[in-house]
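Engineer: Return a 3D structure for these sequence lines:
(one chain, ligands or ions: 1)
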Amino acid sequence: MSLTELPAVQIAARIQAKQVSCREVADEFLARIEALEPQVAAFITVSADEARKRADSLDRRLAAGEDIGALGGVPIALKDNLCAKGQKTTCASKMLENFVSPYDAHVVQRLLSDGAVLVGKTNMDEFGMGSSTENSAFFPTRNPWNTSRVPGGSSGGSTASVAARQVPLALGSDTGGSIRQPAGFCGCVGLKPTYGLVSRYGLVAFASSLDQIGPLANSVEDAALLLQSIAGHDKRDSTSINRALPDYRAALTGDVRGLRIGIPSQFFAQGVSSAVQNAVHAAIDQLVEMGAQAVEISMPTTEYALSCYYIIAPSEASSNLARYDGVKYGLRVVESGDDVIQMASRTRAAGFGHEVQHRILIGTHALSSGFYDAYYAKAQKVRTLIRRDFDAAFEKCDVLATPTTPTTAFALGEKVGDPLAMKLADVCTIPINMAGLPALSLPCGMDNGLSIGLQLIGRLLDESTLLRVAGAYEDATQWREMRPTL
Ligand code: GLN
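Structural biologist: Numbers count the residues shown, from 1 in each chain. A predicted model of the protein is given here:
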């Protein structure tokens, strides 16, 4: 069996046991990246030479008897909004097309100290704004299960690379669903941690009160392994939580007896296809058969989450993206005689794509005096109500189970001209970001050759229970064994 078929935990174990070298692992994955990129187009940058050098140096350390870490020799891809020193961090935007990061993100430091081998930076919707990876300024990525379909977004490159086994693990970021929605579309496991569990230092900001970095993997155990590496306190992020971490892999006991699984009816309305409904209900039935208990829940504010998000996220984005002015870094477009305002406006018109410009305009409007109370302040109040709905739900249950997305992956081009339809792809994932809760998507079915995602939502900082339920379900079903044929 090819090494690229193995989960990350087994790759790391074989390297530790000296059955295979880090270099052999790197070479196999790099060869697969090269072979499949013409079909999948997951990567903006592949750093093959650096990856080989890194693998060789890890092999030398291993030969010298050193401990190379829990991810020792495991290839990993990074979404291109995560800074890695000396590498381009483009955010799939013309604005940052040639920006080379002068420092490592916190998560990158953590991965390197745990022995990971970085193989490249993956495609995304520009600055994370989108649900299909078609908003990349460079090229769209394709779904490995069916290359006429989108992989979802905005972490579409990271997710497609994991699904295609070009890498065993990748990092994405999730502001309104950008890890879970593509995981649902590509048949991967994607986890958005509790807001504050993973430091955002070195993640290019989109909407700072919502953004979280998280793992993409082909199994629950691999997601737990990667979460263990990146989670934990960092004083460079003021919202980073300072608490001892549990052992996430130890949470995978396989036992769900007595757990109460909440089923919020509102998440099964709003255009959820019957194939998705059936698969998610069958997954819940499976968990009940394994000893869990199903509880009906009502979350009436769910229907306002999408509108509320599209005030708060663009407002924060309009402020965060104000830094791209042609002065400090990134693109500069200037003509002779321009003053600084003209330069900024030329730069921003040329550097930002349509969707990004659109969001900046909405956000600036929502924050402007005279409209602030009607939009931004109101949205913050609704956000509080959404949070309270979750608090009330978690008095009756331990985890919530919902679809990850209303439908399976749509066709490339299908929703480009219909921004509302595109945004509805995140209707099940957005409420969770509004409440800062952890949530995970894992495969729970197939329809017409495309995967269906089950979303599990947990209490604040209760990633362990999510992983436990997901792991038990995964072990009891056959979905982990399914492979796209490329
Ligand atoms: N698709 C949503 C948006 O366009 C969420 C994106 C994300 O989570 N980064 O804003």
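Engineer: Buried residues in stretch 427-435, which are they?
Structural biologist: Neighbour counts over stretch 427-435 (16 or more other Cβ atoms under 10 Å) mark 427-435 as buried. For glycine as for every other residue, the C-beta is placed from the backbone atoms N, C-alpha and C.
Engineer: Take those residues and keep only those in strands.
Structural biologist: Among these, no member falls in strands (DSSP state E).
Engineer: So which of these sit within helices?
Structural biologist: Judged by DSSP state H, the buried residues of stretch 427-435 include 430-435 as members of helices.
Engineer: Mind telling me what element V333 is part of?
Structural biologist: V333 is part of no helix or strand when elements are defined by DSSP states H and E.
Engineer: same deal with L111?
Structural biologist: Using DSSP H and E, L111 sits within helix 106-113.
Engineer: what's in contact with that helix?
Structural biologist: Contacts with helix 106-113, where a contact means Cβ atoms under 8 Å, 6 or more residues apart in numbering, come from 69, 71, 76, 78, 82-85, 104, 118, 171, 198-203, 213, 229-230, 232, 234, 236-237.
Engineer: Let's see the very next helix or strand once past that helix as CSV, backbone CA atoms only.
Structural biologist: Note on helix 106-113: by DSSP H and E, the next helix or strand toward the C-terminus is strand 117-122. Extracted C-alpha coordinates of strand 117-122, given in CSV (Å, rounded to 0.1, in the frame of the first residue of the first chain):
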residue,chain,number,x,y,z
VAL,A,117,7.2,18.9,7.2
LEU,A,118,5.5,21.9,5.5
VAL,A,119,4.9,21.1,1.8
GLY,A,120,3.0,24.1,0.6
LYS,A,121,0.4,26.8,0.7
THR,A,122,-3.1,26.1,-0.5
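Engineer: quick one on the thing from earlier: just the ones in strands from the contacts of helix 106-113, please.
Structural biologist: The strands, defined by DSSP E, take in 76, 78, 118, 171, 213 from the contacts of helix 106-113.
Engineer: S178 versus the last one, what's the distance?
Structural biologist: If I follow you right, that is I213. 10 Å (Cβ to Cβ, to the nearest Å).
Engineer: wait, what's in contact with the nearest residue to Y329 once chain neighbours are set aside?
Structural biologist: Of all residues not flanking Y329 in the chain, F99 sits nearest, at 6.1 Å (Cβ to Cβ, 6 or more residues apart in numbering). F99 makes contact with 88-90, 329-330, according to Cβ under 8 Å, 6+ apart.
Engineer: Output those residues as a markdown table; include the columns distance to T384.
Structural biologist: Below are the contacts of F99 laid out as a markdown table (distance: Cβ to Cβ, whole Å):
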| residue | distance to T384 |
| --- | --- |
| K88 | 40 |
| T89 | 34 |
| T90 | 36 |
| Y329 | 36 |
| G330 | 36 |
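Engineer: Narrow those residues to those that are buried.
Structural biologist: 88-90, 330.
Engineer: tell me the least confident of those residues?
Structural biologist: Note: of the buried ones among the contacts of F99, the lowest pLDDT belongs to G330, at 94.
Engineer: quick one, what contacts that residue?
Structural biologist: 95-96, 99, 324, 351.
Engineer: cool, and A282?
Structural biologist: Counted by Cβ under 8 Å, 6+ apart, A282 has contacts 444-445.
Engineer: and it, how far is that from R260?
Structural biologist: In terms of Cβ to Cβ, A282 sits 19 Å off from R260.
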